[in-house]
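Participant: Dropping the sequence and predicted coords here.
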Amino acid sequence: MSKKVDSVFYWSAGIISLIVLVGFFVPDFLEMITAQTQEFISSVFGWYYLIIVSLFAIVCLFFIASPYGKLKLGKDEDQPEFNMPTWFALLFSAGMGTGLLFWGAAEPISHYAIDSPTGEAGTDEAVLESMRFTFFHWGLHAWGIYAIVALCLGYFKFRKEASGTISSALSPLMDADGAIGKTVNVIGVVATVTGIATTLGFGAVQINGGITFLTGLGESFLFQLGIIVVVTVLYLISASTGIQKGIRYLSNTNMILAGILLLFVIIAGPTLDALNIFTNTLGQYVQTLPEMSLRIAPTDPEAREWINDWTIFYWAWWMAWSPYVGTFVARVSKGRTLRQFMIGVLFVPSIIGFIWFSFLGGSAILFESEQGADLASLEIEEMLFGLLTHFPFATATSILALVLIAIFFITSGDSATFVLGMQTTNGATNPARRIKFIWGILLSAVASILLYSGGLQAVENTMIVAAFPFSIVMLLMVYALLKSLRQERKEQKSRDK
């Protein structure tokens, strides 16, 4: 595949550069515009987000059960490039690593002690509700969004020998290399940049929060900017080594360190209570999944505001991330059947996430409710470190958490530069180093400018705005995939006859 830069690179880089310039020179204006647009989209199109994300989850389950599940992401003779443990590590590191560390204790505590989704905060009911909705936000719907985009891209690239760009997954519907196709690719790249910038913003703020919690140095934009600069240099160095070295080694390291941290919390924490919370919440999650999926609360303004702030935010975040995660997951999944791919991408990371939240979030709630830990009074980015102070070896585990956040940060930036390079060089599987470096710098610039213009709220607003047009692209991708699969099955039946 050619590494030649196409017009998508220049248009995308131009739009991103414009955002950076506006955010630098008139930060208040950028924050105001993104906030107003985000409010409009969440209020007017909340129902739309809930329906389409539920639709994506249903389509994923369909592929597991349907005859199409026997087809491979690639030619019939292709074999997987990565073994199963490495594949799972790559999926997890690319998909949600930084987010799980940021929200692992913070989201359950927020739902329990600050703002319960359905009941009174601080009650026994709030304990169960906080975990149920946390599972909902990080479970099948989230990974269904990723799986759909990855499946569409992987199918058309490896089985139909398309370019691997976002528009190539729409080839049954349009000219993937025409003006509309280029526009689709620009939308995908801009959504990717804002989604990754959100994660980089979370990572920088949490590293700052952790250092502040441990040392008392204080939080500031300049401190966060310094963190972003250091991490940018590190992930650009990693990006220069390619997917088989830097990203692969870092992903495996991530999983080992995350496993050590989780195992420590399991052993040293309220293990039996956390297991009970996991089991009970899993049952409630399965039973109430349809109800949660379409809950819009039309007659309850407070509940609707909660849905906008949490559920709609998450669905937009996952969709903004999906071009990046989808491209990356497709790239590392060649040779796997559609059924194996869907089971692996949909269920394994979801279950691991449920276990993670049950022990970190469950422990945080138990310490808050039974021991008066008062974690809810901390800043969100400090809640993980506040939780670890209630365990033995608090300083050592907090340092481990900081290292883990940094490595997830580096992995996200590394794999994002690869994906953005691929999407702006007509699908090159090994984009030129200079293109990856340009995107790496722009990613960090966007994260820095958005933090400068309005903190994490500006980052979140921009991401929700960018995700909206890409949601339409995702619907078209699903339709194009089903159309192509029906045509392939028809051709196979003709050959058999």
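Facilitator: Arrived safely, thanks for sending.

Participant: where along the stretch 101-250 of the chain do the helices fall?
Facilitator: Under the criterion DSSP state H, counting those that start in this stretch, the stretch 101-250 of the chain contains helices at 106-109, 124-138, 140-154, 179-215, 221-239, 248-268.

Participant: now the angle between helix 221-239 and the last one, please.
Facilitator: Following axes from the mean of the first three to the mean of the last three C-alpha atoms, to 10 degrees, one obtains 120 degrees for the angle between helix 248-268 and helix 221-239.

Participant: send the alpha carbons of the helix or strand that comes right after helix 248-268 over as PDB?
Facilitator: For helix 248-268, the following helix or strand on the C-terminal side (DSSP states H and E) is helix 271-293. Output of helix 271-293 as PDB, limited to C-alpha atoms (Å, rounded to 0.1, in the frame of the first residue of the first chain):
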ATOM      1  CA  THR A 271     -12.700  -9.400  48.400                       C
ATOM      2  CA  LEU A 272     -15.900 -11.200  49.300                       C
ATOM      3  CA  ASP A 273     -18.000  -8.100  49.300                       C
ATOM      4  CA  ALA A 274     -16.600  -7.100  45.800                       C
ATOM      5  CA  LEU A 275     -17.300 -10.600  44.500                       C
ATOM      6  CA  ASN A 276     -20.900 -10.300  45.700                       C
ATOM      7  CA  ILE A 277     -21.200  -6.900  44.100                       C
ATOM      8  CA  PHE A 278     -19.800  -8.300  40.800                       C
ATOM      9  CA  THR A 279     -22.200 -11.200  40.800                       C
ATOM     10  CA  ASN A 280     -25.300  -9.200  41.800                       C
ATOM     11  CA  THR A 281     -24.500  -6.400  39.400                       C
ATOM     12  CA  LEU A 282     -23.900  -8.700  36.500                       C
ATOM     13  CA  GLY A 283     -27.300 -10.300  37.000                       C
ATOM     14  CA  GLN A 284     -29.000  -6.900  37.200                       C
ATOM     15  CA  TYR A 285     -27.100  -5.700  34.100                       C
ATOM     16  CA  VAL A 286     -28.300  -8.600  32.000                       C
ATOM     17  CA  GLN A 287     -31.900  -8.300  33.200                       C
ATOM     18  CA  THR A 288     -32.200  -4.500  32.800                       C
ATOM     19  CA  LEU A 289     -30.000  -4.000  29.700                       C
ATOM     20  CA  PRO A 290     -32.900  -3.200  27.300                       C
ATOM     21  CA  GLU A 291     -34.400  -0.700  29.900                       C
ATOM     22  CA  MET A 292     -31.100   1.100  30.400                       C
ATOM     23  CA  SER A 293     -30.300   1.100  26.700                       C
END
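
Participant: in the helix or strand following helix 271-293, what counts as buried?
Facilitator: On the C-terminal side of helix 271-293, the closest following helix or strand by DSSP H and E is helix 301-307. Within helix 301-307, the residues that count as buried by 16 or more other C-beta atoms under 10 Å are 304, 306-307. Where C-beta positions appear, they are placed from N, C-alpha and C, glycine not excepted.
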